[in-house]
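# can't give you the sequence, but here's the structure:
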């Protein structure tokens, strides 16, 4: 079986601490060097990101290509990357992460195998292992390890399955072009909306935990707050784009519930039930992960739910201007 040519698209902005590791793992994949290319889009970084990328371009001129992304946001890099891609397939990846050495081969094998029985397959994704730069990063990772975060299944499920959304995914370029690429209104959460549109068109996505990558979890409170706020805005933007899930109304209901709580005494018991559920989940994760920080997760999860809710309202009112 002839292996397909694949294009890897990596947007980067001020990633001098991470881009070298990312590219080192990509240029050393156990996949023929003449069967893939790496397109790196620098969003006009103000640190040494561009210098590091150019080192790899000089060392691997046939493999690594450097582009400037004057609009900075990654969604623009994705669409330019699809147009520039020589591959029949492409992978969207983050500079804040790095792949296993067999990531590309596993992605290709999984896609071709599943495609035999599912002709509507559009893409495959895998397991993201979260790495912790400090104690806060480890706590943030715990949040996304819980179904109560509302996070996509690839964050916490371990078995192979068809999924609504996948990350760092391997896609069929023809299908991406058919659905007209990434929505540039989605300045963040663009891969989430892209996957929703794939589903809406009747195509499918598949998750294989054997496709492994590593992601550095947010390590500052500012980064955590911004990411969580945007997470809520993405959901309301998706609703404005014509997608809908009853679960996405949780932020609206959550804020309404909190607002009504001082005036409706009957809501006290549901509120107490919410906290019992949060505390129970904290205990479960503490024992599962052997991380004692999980015992303080319930108040952080409460802040997390509120930030999502405020982001959701901002997205409804302000559209893409809500993104921080």
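Yes, it's here. Values in this document were obtained by computation on a predicted structure and should not be read as measured data.

# what stretches of the protein score poorly on pLDDT?
Where the chain drops to pLDDT under 70, the residues are 1, 150-157, 218, 244, 246-248.

# which strand in it has the most residues?
Assignment by DSSP state E gives strand 204-216 as the longest strand of the chain.

# now it: buried residues?
By neighbour count with 16 or more other Cβ atoms under 10 Å, strand 204-216 contains the buried residues 204-208, 211-216. Just so you know, the C-beta spots here come from the backbone N, C-alpha and C atoms, and that holds for glycine as well.

# can you check stretch 245-258 too?
Buried residues in stretch 245-258 (16+ other Cβ under 10 Å): 248, 250-252, 254-255, 257.

# ditto for stretch 296-311
Quick answer for stretch 296-311 (16+ other Cβ under 10 Å): 297-298, 300-301, 304-311.

# ok, residues contacting that stretch?
The contact list for stretch 296-311 (Cβ atoms under 8 Å, 6 or more residues apart in numbering) reads 139, 142-143, 146, 148-150, 225, 228-236, 251-252, 254-255, 258, 275, 278-279, 281-282, 285-286, 322.

# among those, which ones are buried?
By neighbour count, with 16+ other Cβ under 10 Å, the contacts of stretch 296-311 hold 139, 142-143, 146, 148-150, 225, 228-236, 251-252, 254-255, 278, 281-282, 285-286, 322 as buried.

# spatially speaking, which residue is in the middle of the protein?
By Cα atoms, centre = their mean, the chain has its centre lying nearest to residue 167, at 4.9 Å.

# please, where are all the helices along this protein?
Taking DSSP state H as the criterion, the chain carries its helices at 19-27, 49-59, 74-84, 103-115, 135-144, 173-178, 190-200, 221-240, 250-260, 268-289, 297-318.

# which one among the buried residues of stretch 296-311 gets closest to residue 114?
Residue 114 has its nearest neighbour among the buried residues of stretch 296-311 in residue 308, at 32.3 Å by Cβ to Cβ.

# any idea how far stretch 214-229 is from the chain center?
Relative to its chain's centre, stretch 214-229 lies at 12 Å (Cα atoms, centre = their mean, to the nearest Å).

# next, the distance between the ends of it.
23 Å (Cα to Cα, to the nearest Å).

# which of the helices of the chain sits closest to residue 160?
Proximity to residue 160 (Cβ to Cβ) singles out helix 103-115 among the helices of the chain, at 8.6 Å.

# run through the neighbouring helices and strands of the closest one.
Here helix 103-115 touches strand 6-12, strand 89-92, strand 121-131, strand 170-172, strand 204-216, going by 3 or more Cβ pairs under 8 Å, 6 or more residues apart in numbering; DSSP states H and E.

# any figure for the gap between the residue of the chain positioned farthest from its centre and residue 141?
Most distant from the centre of the chain: residue 265, at 39.6 Å, with distances by Cα atoms, centre = their mean. Distance, residue 265 to residue 141, by Cβ to Cβ, to the nearest Å: 38 Å.

# swap in residue 194?
For residue 194, the distance to residue 141 - Cβ to Cβ - is 24 Å.

# now do the contacts for residue 82.
Residue 82 makes contacts with 9, 90, 173, 176-177, 181-182, as judged by Cβ under 8 Å, 6+ apart.

# check these against residue 291 and report the nearest one.
residue 9 (34.0 Å).

# can you tell me the closest non-neighbouring residue to that closest one?
Sequence neighbours aside, residue 81 is the residue nearest to residue 9 in space, at 3.4 Å (criterion: Cβ to Cβ, 6 or more residues apart in numbering).

# isn't the one you found right next to residue 38, touching?
No. Residue 81 is beyond contact range of residue 38, at 10.3 Å (criterion: Cβ atoms under 8 Å).

# quick check: phi and psi at residue 186.
Residue 186 adopts backbone torsions of phi -90, psi 80, taken as degrees, to the nearest 10.

# could you check how far it is from residue 24?
If you measure residue 186 against residue 24 using Cβ to Cβ, the figure is 30 Å.

# between the two, which has more neighbouring residues?
The neighbour count for residue 186 versus residue 24, taken as other Cβ atoms under 10 Å, is higher for residue 186 (21 against 11).

# OK, contacts around that one?
Residue 186 is in contact with 75, 192-193, 234, 237, 320, counting by Cβ under 8 Å, 6+ apart.

# rerun at 6 Å
Residue 186 makes contact with residue 193, according to Cβ atoms under 6 Å, 6 or more residues apart in numbering.

# that one and residue 280: what is the separation?
35 Å.
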